[in-house]
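J.: make a model of this:
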Amino acid sequence: MRIRLDGTRAEIIDALFRLRLNFTVSGVSRAYPDRGKPHRWRLYVTTHPRDRR
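T.: A predicted model of the protein is given here:
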């Protein structure tokens, strides 16, 4: 699954931390600045469901 995160750097870091609690993160793109929105960034995260044994 590919997820787009969009927000301030702090929001993205928090969201990425929370995603890692429930999913296996296999890839993270570099952060791209949002066009027309200063101090806002976007990045893409590739995840897989975590095994719940």
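
J.: tell me which element the closest residue to T8 other than its chain neighbours is part of?
T.: Of all residues not flanking T8 in the chain, H39 sits nearest, at 5.9 Å (CB to CB, 6 or more residues apart in numbering). All C-beta atoms are positioned from the backbone trio N, CA, C, and that covers glycine. Here H39 is covered by no helix or strand, with elements defined by DSSP states H and E.

J.: phi and psi next, for H39.
T.: Backbone torsions of H39, given as degrees, to the nearest 10, read phi 70, psi 10.

J.: that one touches A10, doesn't it?
T.: No - the pair H39 / A10 is not scored as a contact, 10.1 Å apart, by CB atoms under 8 Å.

J.: quick check, pLDDT for P49.
T.: Per-residue confidence for P49 comes out at a pLDDT of 88.

J.: tell me the bridge partners for it.
T.: On the basis of DSSP bridges, P49 is bridged to F23.

J.: any idea how many residues pack against it?
T.: Applying the criterion other CB atoms under 10 Å, we find 9 residues in the vicinity of P49.

J.: mean confidence for stretch 10-25?
T.: 95.

J.: what's next to that stretch, contact-wise?
T.: Residues outside stretch 10-25 that contact it (CB atoms under 8 Å, 6 or more residues apart in numbering): 1, 3, 5-7, 28, 31, 41, 43, 45-50.

J.: out of those residues, list just those in helices.
T.: Secondary structure defined by DSSP state H assigns none of the contacts of stretch 10-25 to helices.

J.: buried subset of these as a PyMOL selection?
T.: Once 16 or more other CB atoms under 10 Å is used to decide burial, the buried members of these can be selected in PyMOL as follows:
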select buried, resi 5+7+41+43+45+47
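
J.: so which of the contacts of stretch 10-25 are in strands?
T.: In this view, these that belong to strands under DSSP state E are 3, 5-7, 28, 41, 43, 45-49.

J.: just flag the most distant two among these.
T.: Pairwise distances among these were taken by CB to CB; the largest, 26.0 Å, belongs to W41 and P49.
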